[in-house]
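Colleague: with the input below, show me the fold.
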Amino acid sequence: MSNAKSSAKPGTKLDLWKISPSLLAICIDAMGFGLVYPILSAIFSDPHSGILSAGISEQWRFFFIGLGYAVYPLFMFFGSSLMGELSDVFGRKRVLSTCVLGLSASYFMMAAGAALPSLVLLIVGRGLGGLMAGCQGIAQAAISDLSTPENKAINMSIMSIAYSAGIVIGPVIGGATSSSATVSFFSYWTPFALVGLLSFACYLWILVKFKETTRAARTQKISVLLPFKVIIEAATDQRVRLLCVIFLLMQIGYSLYFQMILLQLQHEFHYSTLGLGLFSGLIGTFFVIGLTVVVRALLRRRTAAYTAQVGLVVAGVAQVASGLVHVQAGQWVLAMVIGAFDMVAYTTLLTVFSDAVPEDKQGWVLGVSGSVMAIGWVATGLLANLDPVLGDSWLIFLGGVFWLVSCALMTRYVRKRDRGTALPTPAVAEEI
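Modeller: Reported below is the predicted structural model:
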């Protein structure tokens, strides 16, 4: 890749103002993510929503729930790697603004689909949102552009904090604005319309305030088969191949939890959209706690790879327990643990990905991580069809097993790649 890094590289402090538009884009993207899953669960489960016929069989209902879950990450598979590569070639600003504008259009389409109602508009809008979901990868690349080896892990966590803030806010807003008990005209369409408006406002701010962090390299050709090429390259690259497997298993594990726990809360405890939103908001709150407290404490004395290992095993054990627990209060407690340590593993794995390749491959490798995550969430959407057979709890339990397998592979990675790695120097530990 012929990307040239910006020559302006700061010391150990990241200028947040320079990347604040992209951080807002991540926050809005996360708001939509945290908002959409509870609303989709409610729409497809509610026989009065009009999206599906009231007399449709349970098997077909779960098929459409799985389709609603899977179409976003399916298109994200193409969009994430494509947008990451495009941002290396044409610059971060142009591609990021395109993604945010596309997100705005996708949410307005979903709003129309929920309001009419129209299953086609809802699904197509969901797919467009996945195709445009390059915000996170591009912002990660921008942060990498502005980082040094000493502060990269913490700078990546700043991006994740912005994402977590959206995860906290999104479900609560979704739950409140989808209920006619709040305002008489509120319904399933209103949260989508609200995020569409916020996305458009963010698009305008990016045009005005975002400063480019890398120089464009316009000689690079972009192929429509790029996502497959990126995955094939990753599968044959010894630096990231095992990391891709670890990340894939982790994402399948967590996505099984996040999607199935919402259905379990509906089926066993009859949660409303507001209840689902509050539960999702709790998970997001502990995302932030994991990032601001747990990951920082671990990184003071350990490497990013070791910290990822801790996150994988703790979240895995908690999710296995969640699959076995049928007490409402117990699920809330376990959600706190899973939320905190999921983000510990997620953030530090991204750092390990970034550290595995040279500076001119940052957009590529973070696009790879996005594509791997998308494949995991597509797989989970397909696994939703097993719900009538296995049930919510056993699918949650299965996800916990995926976590533990990924931890075992991470142990192998640490032994092979990080054996003999020195702990951070006192100066670096102070900075962290």
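
Colleague: following element in sequence after the helix or strand Gly339 falls within, please.
Modeller: Using DSSP states H and E, Gly339 maps to helix 328-355. Per DSSP H and E, the first helix or strand lying C-terminal to helix 328-355 is helix 362-383.

Colleague: rewinding a little: got the angle for the helix holding Gly339 vs helix 362-383?
Modeller: 150 degrees (axes from the mean of the first three to the mean of the last three CA atoms, to 10 degrees).

Colleague: show the pLDDT at the nearest residue to Ala112 once chain neighbours are set aside.
Modeller: In space, and not counting its chain neighbours, Ala112 is closest to Leu121: 5.1 Å by CB to CB, 6 or more residues apart in numbering. Any C-beta I mention is one placed from the backbone N, CA and C, and that applies to glycine too. As predicted, Leu121 sits at a pLDDT of 96.

Colleague: count of neighbours near Leu121?
Modeller: Burial of Leu121 is recorded as 18 neighbouring residues (other CB atoms under 10 Å).

Colleague: tell me which element it falls in.
Modeller: Per DSSP H and E: helix 119-131 holds Leu121.

Colleague: just give me how far that helix sits from the chain centre.
Modeller: The chain centroid and the centroid of helix 119-131 are separated by 17 Å, computed with CA atoms, centre = their mean, to the nearest Å.

Colleague: what do you get for stretch 201-213?
Modeller: In terms of CA atoms, centre = their mean, the centre of stretch 201-213 is found 22 Å from the chain centre.

Colleague: stretch 369-382 now?
Modeller: With CA atoms, centre = their mean as the basis, stretch 369-382 stands 10 Å off its chain's centre.

Colleague: buried residues in the helix holding Leu121?
Modeller: The neighbour-count check on helix 119-131 (16 or more other CB atoms under 10 Å) flags 119, 121-131 as buried.

Colleague: ok so, going back, quick one: residues contacting the residue nearest to Ala112.
Modeller: Residues near Leu121 by CB atoms under 8 Å, 6 or more residues apart in numbering: 109-110, 112-113.

Colleague: distance of it from Phe192?
Modeller: Using CB to CB, to the nearest Å, one gets 10 Å for the distance from Leu121 to Phe192.

Colleague: joint contacts of the two?
Modeller: Common contact partners of Leu121 and Phe192 (CB under 8 Å, 6+ apart): Met110.

Colleague: re the thing from before, reformat the buried residues of helix 119-131 as TSV; add distance to Arg417.
Modeller: Compiled in TSV, the buried residues of helix 119-131 are given as follows (distance: CB to CB, whole Å):
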residue	distance to Arg417
Leu119	47
Leu121	47
Leu122	44
Ile123	41
Val124	42
Gly125	41
Arg126	37
Gly127	37
Leu128	38
Gly129	35
Gly130	32
Leu131	34
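
Colleague: closest to Lys361 out of these?
Modeller: Among the buried residues of helix 119-131, Leu131 lies closest to Lys361 (CB to CB), at 23.2 Å.

Colleague: the strands in this structure, which residues?
Modeller: 4-5, 214-215 (DSSP state E).

Colleague: circling back: go through the helix holding Gly339 and flag the buried ones.
Modeller: Applying 16+ other CB under 10 Å to helix 328-355 flags 331, 334-355 as buried.

Colleague: again, but for stretch 197-211
Modeller: Result for stretch 197-211 [16+ other CB under 10 Å]: buried residues 198-200, 202-203, 206, 210.

Colleague: need the CA coordinates for it. PDB is fine.
Modeller: What follows is stretch 197-211, C-alpha atoms only, in PDB (Å, rounded to 0.1, in the frame of the first residue of the first chain):
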ATOM      1  CA  LEU A 197     -31.200  13.600  12.100                       C
ATOM      2  CA  LEU A 198     -28.200  13.300  14.400                       C
ATOM      3  CA  SER A 199     -26.200  11.600  11.700                       C
ATOM      4  CA  PHE A 200     -26.900  14.300   9.200                       C
ATOM      5  CA  ALA A 201     -25.800  17.000  11.800                       C
ATOM      6  CA  CYS A 202     -22.600  15.000  12.300                       C
ATOM      7  CA  TYR A 203     -22.000  14.900   8.500                       C
ATOM      8  CA  LEU A 204     -22.200  18.700   8.400                       C
ATOM      9  CA  TRP A 205     -19.800  19.000  11.400                       C
ATOM     10  CA  ILE A 206     -17.300  16.700   9.700                       C
ATOM     11  CA  LEU A 207     -17.300  18.800   6.500                       C
ATOM     12  CA  VAL A 208     -16.600  21.900   8.600                       C
ATOM     13  CA  LYS A 209     -14.300  20.800  11.400                       C
ATOM     14  CA  PHE A 210     -12.500  17.500  10.600                       C
ATOM     15  CA  LYS A 211      -8.900  17.900   9.700                       C
END
